[in-house]
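Asks: quick one: sequence plus predicted model below, questions after.
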Amino acid sequence: MEFPFDVDALLPERITVLDQHLRPPARRPGTTTPARVDLQQQIMTIVDELGKASAKAQHLPAPITSASRMQSNRHVMYILKDTSARPAGKGAIVGFLKVGYKKLFVLDDREAHNEVEPLCILDFYIHESLQRHGHGRELFQHMLQKERVEPHQLAIDRPSQKLLKFLNKHYNLETTVPQVNNFVIFEGFFAHQHRPPATSLRATRHSRAAALDPMPAAPARKLPPKRAEGDIKPYSSSDREFLKVAVEPPWPLNRAPRRATPPAHPPPRSSSLGNSPERGPLRPFVPEQELLRSLRLCPPHPTARLLLATDPGGSPAQRRRTSSLPRSDESRY
Ligand SMILES: CC(=O)SCCNC(=O)CCNC(=O)[C@H](O)C(C)(C)COP(=O)(O)OP(=O)(O)OC[C@H]1O[C@@H](n2cnc3c(N)ncnc32)[C@H](O)[C@@H]1OP(=O)(O)O
């Protein structure tokens, strides 16, 4: 992926790590240094363009990675540049991997909810012309070392088929633990966790990494003690959830058809997690009587006035049913 500026000078390392500050890395000695604000603008352009290319590759309606989303989240982006080819002497970008810690409720193999905060794979893209050349693996390996995690400790936000194949090929990740949200976790995710009660995954990771890996473990982020099931709040949604919000029509067009009877039970816990593909309604709750009252405050259409006069207490549906208008007229309302 090429840019109208010198990518090679902007990103001196083969892999650049960016956080929410999107700071341009220090330049090589002897390189001319444009104004810092220009450099940051170039970084933002790269992030935006990579996000768009990734969305296109995944057939998403909008990018889930952009400079503004990076700035408002504590995510980390690993960007791989092409050191071999220097088209027009400006370098090129091969792809990127975006990760971030997220609080999630995940089911273990006994279908019990566990509140955890794993490192999540949020977005991953290698330029079409360079896929299946080992670049994805190079980026992924670099991230694993930098973040000090093992592949089975990751949660993956709605992986594509290509990514599932990639994880299977390079890391033998195959058997998933079924979830009700959009994250995929693999067998081994809960390994060495004390059960019950569930403890901080990070703390577990800390001790596990120390036992298995000569690398020092990443500092554990403290999680609150496990909450009672009833206290579980609908956080931890997928980074891709906002894509659904964007396509939902505004109220009142998004009103669901009314149920004949109220549900006998509250929705199952899975839908309270906010991650289910069947996203909960985003509509304001307006009691029907209140809605009617406010409608009556509007100057009524002459036909509506006639309808209200026939049965002032009834609901619109009842009024329609009891209306004396002929069916052909009725059907217009
Ligand atoms: C949470 C998320 O980010 S989900 C979205 C993941 N991103 C995408 O699907 C975007 C399009 N795909 C890509 O950008 C890349 O293919 C990536 C990032 C998934 C993998 O990067 P690559 O550089 O291609 O991976 P790398 O070369 O290291 O490994 C190749 C392996 O990945 C898998 N893979 C890569 N491309 C494909 C493909 N088109 N079809 C099937 N498997 C594929 C295979 O296991 C492949 O091994 P193989 O060639 O022996 O079959």
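Replies: Done, it's in.
Asks: ok so K162 is a strand residue?
Replies: No: under the criterion used here (DSSP: H, G, I helix; E, B strand; the rest coil), K162 is helix, not part of a strand.
Asks: and it, what does it touch?
Replies: Contacts for K162 (C-beta atoms under 8 Å, 6 or more residues apart in numbering) come out as Q131. Using the backbone N, CA and C atoms, a C-beta is placed for each residue, glycine as well.
Asks: could you rerun that using 10 Å?
Replies: Going by C-beta atoms under 10 Å, 6 or more residues apart in numbering, K162 touches 57-58, 124, 126, 131-132, 136.
Asks: ditto for G51
Replies: Here G51 is in contact with 60, 62-70, 77, 96, 98, 123, 125 (C-beta under 10 Å, 6+ apart).
Asks: and the strand or helix carrying it with the ligand, contact?
Replies: Per DSSP states H and E, G51 falls inside helix 36-57. Yes: Helix 36-57 is in contact with the ligand by C-beta under 6 Å from any ligand atom, via A57.
Asks: helices along the chain, start to end?
Replies: Per DSSP state H, the chain carries helices over the ranges 7-10, 36-57, 67-71, 135-147, 161-171, 201-212, 241-247, 269-272, 288-297, 302-310, 316-322, 327-330.
Asks: mind listing residues that contact the third one?
Replies: The list of residues contacting helix 67-71 from outside it, by C-beta under 10 Å, 6+ apart, reads 18-22, 40-41, 43-51, 63, 75-77, 98, 100, 122-123, 239, 242.
Asks: filter these to the buried ones?
Replies: Among these, those classed as buried by 16 or more other C-beta atoms under 10 Å are 18, 22, 41, 43-44, 46-51, 63, 75-77, 98, 100, 122-123, 239.
Asks: spell out which parts of this structure neighbour the ligand.
Replies: Counting by C-beta under 6 Å from any ligand atom, the chain sits next to the ligand at 57-58, 121, 123-126, 131-137, 156-160, 162-163, 165-166, 169.
Asks: could you pick out the buried ones from the residues you listed?
Replies: Applying 16+ other C-beta under 10 Å to the residues of the chain next to the ligand, the neighbour count classes 57-58, 121, 123-126, 131, 135-136, 156-159, 163, 166 as buried.
Asks: and of those, the nearest to the ligand?
Replies: Checking those against the ligand by C-beta to the nearest ligand atom gives G136 as the nearest, at 2.3 Å.
Asks: that closest one and G95 touch, don't they?
Replies: Yes: look at G136 against G95 with C-beta atoms under 10 Å: they come within range, at 7.0 Å.
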